[in-house]
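Novice: Got a predicted structure plus its sequence, pasted below:
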Amino acid sequence: MARIYEDLSTVIKRARLTVYFLAALLLLITVAYWKIQVLDHQKYWKMAEANRLREIPITAPRGLILDRQKVILADNIPSFKVFLLREAVKDYEKTIDRLEPLLNLKKEELKKRIERYRSIPAYEPVVIMDNLRLEEVSIIEARKDEFPEIKLEVEPRRYYSFGSTAAHVLGYLQEVSVDDLKTQPEKRWRAGEMVGKAGVERQYNDYLSGIDGKIQEIVDSLGRPRQEVSRIDPRPGKNLELTIDFDLQKKAEQLLEGREGAIVAVDPRNGECLVWASSPSYDPNRFISRFSGDEWLSLINDPGKPLENRVLRGLYSPGSTFKPVMAIAALSEGIITENTTFSCSGSIELFNKEFNCWFKPGHRSQNLPEAIKNSCNVYFYQLGRRLSIDNIAVYARKIGLGQKTGIDLPGEKEGLVPSSDWKRRILGQPWFPGETISVAIGQGPLLVTPLQMACMAAVIARRGVRIRPHLVKGEMEGLPEEKLDIPESVFEKVIEGMWRSVNDGGTGKGAYQPGFEVCGKTGSTQTISRETAERLARKGMEPGKTHSWFIGFAPRHNPEIVVAVLVEFGGMGGQTAAPIAGELFKAYREKYVRQANIQGN
Amino acid sequence: MLDRRIFRETDSLTILLAVVISVIGIAFLYSAIYFQASHYIWRQIIWLIVSLIITMVAILIDYKFLLTISFQLYVFLNIILLGLLLFGKKVANTRSWIVVGPFQGQPSELMKVVVILVLARIFSGYREDKMSFKTFALSSLVVGVPAILTALQPDLGTALTFMPVLLGVYILAGIRKKYVVILMIGLLLSGFVGWNFALKDYQKKRIETLMTPDRDPRGAGYQLRQSKIAIGSGGLTGKGYHKGTQSQLRFLPARHTDFIMAVIAEEIGFLGVVAIFILYALLMYRIFSTAWISPDRAGVYLAFLVGMMIGCQFLINVMMLVGLFPITGIPVPFLSYGGSSLLANFLALSLVLNVRMRRFAFI
């Protein structure tokens, strides 16, 4: 044996020790692999899945919005948008630098956009561009392999077929805010989702919005899609049928063109709103994009307040259109009868103060229908003198003033019906009887919306039944109507006056339509703030002008349509608002009343 | 003269183990780079065949003869390494490749085998219980020169694989504690002085990138994370051959070389990993056990140093994949793609076979 010549025991001992050490190390490493592969398997498996799977949402098309004859008012058109997949981004600075020339976006805007969504989990893609032009789409599509962190997608985009028509009913969409995203109770919205912010788009958002689908795809380490794993198609939202009549709506908007005001028409038989016009209006298509800050700001800052829905948010004094309420109160309380006469000499002194009639020479002696026809202030001062403010308030409230009508749109205002209690609470002063005289002709602290006035006219038209106004077909169906505890005969007497106002040479004669017994009441209110007057003077308008009101319905028996018109600074009610209402009655009659059986009495 | 008994003593089990591991490597190479050109696989197969033939030839030559020419080989290869540094063409950002026709090779890999031969030669007659300063300095220099030349190419991974060999020599020859202290102080001092006074900024930067190899632009942290995800998601039995999402979708970096074990762990799971470990343990046992049946001191050194070279490289790699060792470009012997490395490992193995088959030669 070679060992005879050489003693190798020392080196062999050292070698063996080292080998034992290495063997022990291998055992330890095996334990480490066992921990990772067997004990922590679930955790790493999930991480591997998250690595390779990516979910891309597919926006569900919103339901269409149609008018009562199924004219499409709000449609969907395909539009391209660009997502930034933040999980695929390693370095935002570099990504922004690379994307700037490709997308032609400003760096600052891109940064702001990314910053805005910083608190939202990174797996949610961020829309960094929408409404792409076709050239942009083709450039991005051609270079998509170089930019795995962005993704081009088609989304159905809202398109309002007739621009500003019925804009205040339809409303508009805006991107869901980051605050809403963070505070949403369950997962309702995605980042970048467009949600209704006004009008029926907002009121019926959940009904319209449908359920988004999603694509699950396998991606490689560079974020390039390799294979689609699954695709859940989106469920489109349900269509919404409005009670609006497109033709009448167009007509009403034409009549308001160039003015600031509101027109609302309601079918008193069921509460369906046929017309809902607020002027000035806006084209919601112009800021449906997620990136339209400038246009949005200019609309918000427009002194004409085009975004304001005047029909349910505009607060005005009712003026003489309040007189029917006074008549109903006085008749119900037994203070007057149909034949009670008061004499008008052009003015009257009450509570040591002179109150004028609008007609200086005076109306002489007249009964209730004549006073309504002439809109005689003195007659109604007399009623105000005999009724307490609280009594007036009771009837005004019964008829629906001072409270929301319950219309199916967001943001409705209540208006104001003053009472002695109200004044004490708000101003801490007692009610003075002289103030009641102002209220008697619809001035003073009274505030109403055009919608409330239309509903008031509907109560008269229905002889004491309160309607439930609504904009979506079938919305209020089945709800019982409220019958007021006021005798029908009271309404008949008021209607007689309103009929004579239009058909017998009264203040409302501008609304006269042959063969379509229109009953109505005009109003002119002198409420104008100094700033508004100055603004109007700059625009070359007459600041001294009053708001012009008309409320009315037709035909006298079995009424089919109620109309309320308000034109801001339109002058006398009979001058501006009544002819507008007349045009609308005419349009309605031409469209709906084909038989000629409703000739004059 | 060749004795016929020598051939009877040829250790076919060791060769078989090495070939099995290499074939497994090629199988997973195919899985890992399926989307890339297939010439990788053919190259590796050709390298395996060539390595086997060279191994067969090499074992015919008595290792004692190889020891006698080891100094010449050593000097020759050092000149080549130096030449590469000065005149070499850059391939993949390093000057570590010699290109001869269709084949390219890394002399630094072969250098490891030659270094082992030189060390065995030096210590073949060294009978002291502890290492003298002279032998300490000499052995450090023998390993240090080619290691530094390789590090300068720059190929830090391969340079580091020289270290287990040096460590093996220190252990076998019995290093004194004071040399360990000297070694530590020397390393720290030269590092400190070099960093603060000698090196220019761009050189420092180069070293920084050496220390944190940025093969993948997403950095070493990303590599480790993806490697752990691959291994962990494999579970007990794996996702199936060619079905690993981490490797197939290229989340794993360097799948065919440094991270091939992560591919295996993902696709055949913990049981597969244990199987590979057992194969290696058997191979290592065959190598190391040659040391204790070796007829002479040189044989002990040869077998042990080859064992250290192959074994430590394997252990460092599998530790690196799970974060037990910093990520450095160290491939797995026999398993990873790379012809020079395969050939060098087979040559190293041939030295061990050589010792084993000739252990009775002088009876």
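Specialist: Cool, got the structure.

Novice: Kindly report the residues of the stretch 101-250 of chain B close to chain A.
Specialist: Counting by C-beta under 8 Å from any C-beta of the partner chain, the residues of the stretch 101-250 of chain B close to chain A are B:129, B:168, B:171-174, B:217-218, B:226, B:228-236, B:245-246, B:249-250. For every residue, glycine as well, the C-beta is placed using N, CA and C.

Novice: among these, which ones are buried?
Specialist: B:168, B:171-173, B:218, B:226, B:228-235, B:245-246, B:249-250 (16 or more other C-beta atoms under 10 Å in any protein chain shown).

Novice: Just give the nearest non-adjacent residue to the residue in chain B that chain A sits nearest to, would you?
Specialist: At 2.5 Å from chain A, residue B:232 is the closest residue in chain B, using C-beta to the nearest C-beta. For residue B:232, ignoring the flanking residues on the chain, the nearest one in space by C-beta to C-beta, 6 or more residues apart in numbering or on different chains is residue A:44 at 2.5 Å.

Novice: residues of the helix or strand that neighbour falls within that come out buried?
Specialist: For residue A:44, the host element (DSSP states H and E) is helix A:41-52. The neighbour-count check on helix A:41-52 (16+ other C-beta under 10 Å) flags A:41, A:44, A:45, A:47, A:48, A:51, A:52 as buried.

Novice: was I right about the residue nearest to residue B:232 contacting residue A:38?
Specialist: No: shown here, residue A:44 and residue A:38 do not form a contact pair, counting by C-beta atoms under 8 Å, at 10.7 Å.

Novice: Any regions of chain B where pLDDT drops low?
Specialist: For chain B, residues meeting the criterion pLDDT under 70 lie at B:1-3, B:34-38, B:92-93, B:100-103, B:198-220, B:361-363.

Novice: The top helix by length along it near chain A at all?
Specialist: Scanning chain B for the helix with the most residues, using DSSP state H, yields helix B:260-292. Yes: for helix B:260-292 and chain A, the contact criterion (C-beta under 8 Å from any C-beta) is met by B:265, B:269, B:270, B:273, B:274, B:277, B:280, B:281, B:284, B:288, B:291, B:292.

Novice: next one: stretch A:164-171 to chain centre, how far?
Specialist: 8 Å (C-alpha atoms, centre = their mean, to the nearest Å).

Novice: coming back round to it: what residues are up against the residue of chain B closest to chain A?
Specialist: A:36, A:37, A:40, A:41, A:43, A:44, A:45, A:47, A:48 (C-beta atoms under 8 Å, 6 or more residues apart in numbering or on different chains).

Novice: switch the cut-off to 6 Å
Specialist: Contact analysis of residue B:232 by C-beta atoms under 6 Å, 6 or more residues apart in numbering or on different chains lists A:36, A:37, A:40, A:44.

Novice: Hmm, the last one is touching residue B:231, no?
Specialist: No: the pair residue A:44 and residue B:231 does not pass the contact test of C-beta atoms under 6 Å, sitting 7.3 Å apart.

Novice: So for the residue in the stretch 251-400 of chain A that chain B sits nearest to, what's the nearest residue that isn't a sequence neighbour?
Specialist: Here the residue of the stretch 251-400 of chain A nearest chain B is residue A:290; by C-beta to the nearest C-beta that distance is 30.9 Å. Leaving aside its sequence neighbours, residue A:290 sits nearest to residue A:175 (C-beta to C-beta, 6+ apart; 4.6 Å).

Novice: Could you do residue A:48 as well?
Specialist: Excluding the flanking residues, the one nearest residue A:48 by C-beta to C-beta, 6+ apart is residue B:233, at 3.6 Å.

Novice: Return the distance of the helix or strand the one you found falls within from the chain's centre.
Specialist: Residue B:233 belongs to helix B:219-234 when assigned by DSSP H and E. Averaging C-alpha positions (C-alpha atoms, centre = their mean) puts helix B:219-234 23 Å from its chain's average.

Novice: can you tell me which residues contact the residue nearest to residue A:48?
Specialist: A:44, A:45, A:48.

Novice: Give me the neighbour count for the residue nearest to residue A:290.
Specialist: 21 (other C-beta atoms under 10 Å in any protein chain shown).

Novice: Relative to chain B, how far out is it?
Specialist: 32 Å (C-beta to the nearest C-beta, to the nearest Å).

Novice: What parts of chain A come near chain B?
Specialist: A:2, A:8, A:11-12, A:14-15, A:18-19, A:22, A:25, A:29-30, A:32-33, A:36-38, A:40-41, A:44-45, A:47-48, A:51-52, A:220-221 (C-beta under 6 Å from any C-beta of the partner chain).

Novice: returning to that earlier point: quick check: the residue of the stretch 251-400 of chain A closest to chain B touching residue A:129?
Specialist: No: using C-beta under 6 Å, residue A:290 and residue A:129 do not qualify as a contacting pair, with a distance of 8.5 Å.
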